[in-house]
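K.L.:
here is my input; please provide its structure:
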Amino acid sequence: SSAYRQMLMLPSRWKIPEFRLTGNDLLAHGYEAGPLLGQVLKKAEAWWEEGDYLASRDDLLHFIESEC
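P.N.:
Have a look, this model is predicted:
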């Protein structure tokens with residue numbers, strides 16, 4: 001059926017979300033290079049994933065400022 005075919009094609013049409021925060025962003029916000037920087041990035045990425053990848057870069061920066 002057409003619906004089944006469309007469902008099978010979904011993975012090829014799905015765009016992989018791009019995490020919009022980098023270590024350079026954290027360095028610019030006062031974090032020092034090192035293990036803590038990586039931990040904060042991982043925590044922010046987990047939060048972004050839990051929110052269905054909808055958080056913007058500004059949302060992510062606000063998250064690290066308030067939660068990390």
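
K.L.:
what's the residue nearest to the spatial centre of the chain sitting at in phi/psi?
P.N.:
By CA atoms, centre = their mean, the chain has its centre lying nearest to F19, at 3.6 Å. Backbone torsions of F19, given as degrees, to the nearest 10, read phi -70, psi 120.

K.L.:
what's near enough to touch it?
P.N.:
Neighbouring residues of F19 by CB atoms under 8 Å, 6 or more residues apart in numbering: E45, W48. Backbone N, C-alpha and C define where each C-beta goes, glycine included.

K.L.:
same check, this time on L26
P.N.:
L37, V40, L41, I64.

K.L.:
with K43 instead?
P.N.:
I64, E67, C68.

K.L.:
and it, which of the three is it?
P.N.:
helix (DSSP: H, G, I helix; E, B strand; the rest coil).

K.L.:
and the pLDDT at it?
P.N.:
At K43, the pLDDT value in this model is 96.

K.L.:
now for G23, how many residues are close by?
P.N.:
13 (other CB atoms under 10 Å).

K.L.:
that one reaches L37, doesn't it?
P.N.:
Yes: under the criterion of CB atoms under 8 Å, G23 makes contact with L37 at 5.7 Å.
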